Each structure stands twice: as structure tokens, then as C-alpha cells.
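1. Provided below for reference: sequence and predicted model.
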Amino acid sequence: MPIYNFEKRDILNSHVRLGSGSIVFTTSTTRSFLRRNVTTLFDANQRAIASVRWRDKAFELQGRTKDTDQIKTKPKGFFGGSHWKRTWQWDPSGPRYETRYGSHQWTVTELSTQSMHAQMTPHTSRIFGKSTHASITIPEGVRETDKWFLFLVLLKMETRRLDDEANQAASSSAAASSSAAAAAAVSC
């Protein structure tokens, strides 16, 4: 199974190499006023393959742009399953994929066959020892269009998870600061 390794911690701005070491594509993200605008996947010849249009909440693949609301569904209700579980389908006549996050990795399952079609291991930082960069594994035989679609899905889902993690850390820090300030005010 080919393993695609990101060269940098920032998966939205990185070269991606096959296990053999050759650069197979590059991710590049434009920003405007502190917000992501577009993340584009470029092939080894720097031709655009696909993109995530963050502001428009859309994916672009093979010249077609679709809103994520058209291609993604979430489990309904409070007990609908994992917070990070989604079902994705690029083409109504094409395969449906379920993404899940657990045990520090993303898995993508093709629903009609229940076979694993992609797996992503996020970047892991270590204080002592070497950090590991993110990687995506996609089995042989997955159609090119599906492969690029799954790359977009995994880039979007991992980026959203990291954003959520950062927002939770900021909220916890703000809550701790306000609790400390309130305790200091009471003791005065």
C-alpha cells in the first residue's frame, strides 16, 4: 500500500512524498486576513489537481465544485455516534465513504464493501525523541478521482479536528484565568 508522507507539520503547506522519497504532490494554502481561503493539491509538475475552498465550504475536483453540504452527512441526534464520524460521497453514483477518528488516526471505509480505503496518522509531537509527520495510506486499486477526493476529505477533517483542539485549549485557558482572577478578587 502506498504511504504518502507529509514533509512538514503543516499538512496544508507541505510537500508530500511516497515512501520511496519522490515528491508526488504539494499542498499549498492561501490566506486572507487570518482566515484560510483555498488549499490546493498540486501534482509533481505543479498542476492543480483539487482544492478545499474553506470560505465557500466547497471542494473542487476535476473542474467541478461542490458544496460540502452536498457531499457530506453527519449522524443525526445527540447519540448519533462519534463527534468526528461523517459520510462522504463525491458522485451520487460513486462510492460512499465513512470517516472516523479514533486511537489517534483517521480511517475511511467504503460503505458498500466495508473495506478500508484510506488511513491517516496525524503529526505527533514529542518532547523527547523525534516527532513524526502526518501520513496517508491508500491501498492500490483506488481510482484516481476517489484518491484525490479522500485526500481532500482527510485534509479537511484533520484541519477541523486541530482547530477544535486549539479552540478547546484556548477556552480552557481563558476559563482557568478567569477562575484565578475571581479567586484573587475574593481573597482581597
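-> Perfect, thanks for sending it. Numbering: from 1, shown residues only.
2. For stretch 7-25, the averaged confidence score.
-> The average pLDDT for stretch 7-25 rounds to 93.
3. Give the buried residues for that stretch.
-> Of all the residues in stretch 7-25, those buried under the rule 16 or more other CB atoms under 10 Å are Glu7, Ile11, Leu12, Asn13, Ser14, His15, Val16, Arg17, Phe25. Every C-beta, even on glycine, is put in place using the N, C-alpha and C of the backbone.
4. partners of the fifth one in the sheet?
-> Pointing back at Ser14 there. In this entry, Ser14 is beta-bridged to Thr27, by DSSP bridges.
5. what are the phi and psi values for Ala169?
-> Main-chain dihedrals, Ala169, degrees, to the nearest 10: phi -60, psi -40.
6. Run a quick neighbour tally on it.
-> Ala169 has 10 neighbours, counted by other CB atoms under 10 Å.
7. still on that earlier bit, taking the buried residues of stretch 7-25 as a set, which two sit the farthest apart in space?
-> Leu12 and Arg17 (16.3 Å; CB to CB).
8. what about the helix or strand where Thr39 lies, distance to the chain center?
-> Counting by DSSP states H and E, the element that carries Thr39 is strand 35-43. Relative to the chain's own centre, strand 35-43 is displaced by 12 Å; criterion: CA atoms, centre = their mean, to the nearest Å.
9. Follow the chain on from that strand and name the next helix or strand.
-> According to DSSP H and E, the helix or strand after strand 35-43 is strand 48-53.
10. so where is the protein shaky, pLDDT-wise?
-> 77-83, 172-188 (pLDDT under 70).
11. just the strands in it please.
-> Using DSSP state E, the strands of the chain run over 3-6, 14-18, 23-32, 35-43, 48-53, 58-61, 64-67, 72-73, 86-88, 97-102, 105-110, 115-121, 135-137.
12. Now do stretch 156-176: distance to the chain's middle.
-> Distance, centroid of stretch 156-176 to centroid of chain: 15 Å (CA atoms, centre = their mean).
13. Let me see the contact set for Trp148.
-> Leu41, Ile49, Ala50, Leu61 (CB atoms under 8 Å, 6 or more residues apart in numbering).
14. Likewise for Thr132?
-> Thr121, His123, Thr124, Arg126.
15. measure Ile138 to Ser131 for me?
-> In this view, Ile138 and Ser131 are 23 Å apart by CB to CB, to the nearest Å.
16. Quick check on the contacts of Thr132: which are buried?
-> Buried among those by 16+ other CB under 10 Å: Thr121, His123.
17. need the contacts of Thr132 in a markdown table with distance to Arg96, can you?
-> What follows is the contacts of Thr132, written out as a markdown table (distance: CB to CB, whole Å):
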| residue | distance to Arg96 |
| --- | --- |
| Thr121 | 23 |
| His123 | 28 |
| Thr124 | 30 |
| Arg126 | 36 |
